[in-house]
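[1] Need coordinates for the following:
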Amino acid sequence: MKLFRIMAAVLALTGICTASGVLAATAPKGVKTVTVATDATWPPMEMVDAKKQIVGFDIDFMNAVAKEAGFKVVFKNTAWDGIFAGVEAGQYDAIISSVTITDERRAKYDFSIPYINAGQVLVVPKAEKAAKLAALKGKNVGAQIGTTGAMEVKKNAGVVLKTYDEVGLAFADMAAGRISGVVCDETTAIIYAMQKKEYSAKFKIVGKPFTKEAYGIVVKKGNKDLVALINKGITAAKKKKIDEQLKKKWLK
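    Now for the predicted structure:
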């Protein structure tokens, strides 16, 4: 690990850091470079495109935040199940990955101010008559491990939670008839239930979001300076309505 971090630092100084799959220019003198982890398996917020580049709402927004606050950002594609441990260990500086701000997470990490609201919804096969999550008692419902979606499933007695490393695997299982529903953020549900050709004729979103949640950028506990820098960028980006422009690009 130490050797890897030394090599990464050398690469960053020479301007060829490739954490996001794209050559990153050396930051101008005096400009801070912030390494940001993201689990690029959560469209349309963060995903890998056909060119193997990390793209999505969060990526564009973080780049805008960096520009407004005067720092450079390098993305690091990181599996969700280890993403929080990585920021604690100093493997990267921050996380932007559709992370819901919760009291439990606030106790362990520092968060930026919220940058977008998102709620949990239930997606089911079109033949399913259940009108809410609790109605799936005795059935298997999928969610990505460690997400607020998984937490919501656990709150419903008798509903059997099945967790996945990636939300796309849950939808694949539902298409195969192995589970009866998937709980995830509304933005992601729209992609899988309404926009993906292989699923749009098979799935439907049941009702409206049943939680009120806000996404924030995660920073290691105690790094107040970085939180302040990120908040400066978020405030400026929102003032220019960049977030609204990105919603039209990615979420409509």
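[2] How about the contacts made by the nearest residue in space to K220 that is not next to it in sequence?
    When the adjacent residues along the chain are set aside, K220 lies closest to V87, with 5.3 Å between them (Cβ to Cβ, 6 or more residues apart in numbering). To be clear about C-beta, it is placed using only N, CA and C from the backbone, and glycine gets the same treatment. By Cβ atoms under 8 Å, 6 or more residues apart in numbering, the contact set of V87 is A37, D93, A94, I95, Y109, V218, V219, K220.
[3] Could you check the pLDDT of the closest residue to the fifth one other than its chain neighbours?
    Looking back up the chat, that one is Y109. Nearest-residue entry for Y109: V218, 5.0 Å, with adjacent residues in sequence omitted and distances by Cβ to Cβ, 6+ apart. V218 is assigned a pLDDT of 98 by the prediction.
[4] So what pairs up with V218 in the strands?
    Note on V218: beta-bridge partners by DSSP bridges are I95, F111.
[5] Give me the distance between it and E46.
    As judged by Cβ to Cβ, to the nearest Å, V218 and E46 stand 13 Å apart.
[6] Now do whichever strand or helix holds L226, average pLDDT.
    Secondary structure from DSSP states H and E places L226 in helix 224-239. The predicted model assigns helix 224-239 a mean pLDDT of 97.
[7] Buried residues in that helix, which are they?
    L226, V227, L229, I230, N231, K232, G233, I234, T235, A236, A237, K238 (16 or more other Cβ atoms under 10 Å).
[8] Looks like I59 contacts F75 (just checking).
    Yes: judged on Cβ atoms under 8 Å, I59 makes contact with F75 at a distance of 6.6 Å.
[9] got any residues that touch both of the two?
    Joint contacts of I59 and F75 (Cβ under 8 Å, 6+ apart) are T38.
[10] Compare those two (neighbour count), which wins?
    F75 (26 against 23; other Cβ atoms under 10 Å).
[11] sorry, back to before: could I get the contacts of V87 in CSV, plus columns for neighbour count?
    Converted to CSV, the contacts of V87 look like this (neighbours: other Cβ atoms under 10 Å):
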residue, neighbour count
A37, 25
D93, 22
A94, 25
I95, 26
Y109, 21
V218, 28
V219, 24
K220, 20
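[12] OK, contacts around E88?
    Here E88 is in contact with K108, Y109, K220, K221 (Cβ under 8 Å, 6+ apart).
[13] hmm, back to that, closest to L251 among the contacts of V87?
    Using Cβ to Cβ, I95 is the member of the contacts of V87 that sits closest to L251, with 20.3 Å.
[14] domain parsing for this protein?
    Split into domains by automatic domain parsing, the chain comes to 2-116+214-250, 119-206.
[15] Least confident of the ones you listed, on average?
    Taking the mean pLDDT of the domains of the chain, domain 2-116+214-250 comes last: a mean of 85.
[16] quick revisit: can you list the contacts of E88 in JSON lines and add distance to E166 and secondary structure?
    As requested, the contacts of E88 are exported to JSON lines (distance: Cβ to Cβ, whole Å; DSSP: H, G, I helix; E, B strand; the rest coil):
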{"residue": "K108", "distance to E166": "23", "secondary structure": "coil"}
{"residue": "Y109", "distance to E166": "22", "secondary structure": "strand"}
{"residue": "K220", "distance to E166": "25", "secondary structure": "strand"}
{"residue": "K221", "distance to E166": "27", "secondary structure": "coil"}
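[17] Out of those, which two sit at the greatest distance?
    Largest separation among the contacts of E88 by Cβ to Cβ: K108 and K220, giving 9.6 Å.
[18] so how many other residues sit close to V121?
    25.
[19] My reading is that it is in a helix; is that accurate?
    No: using DSSP: H, G, I helix; E, B strand; the rest coil, the assignment for V121 is strand, not a helix.
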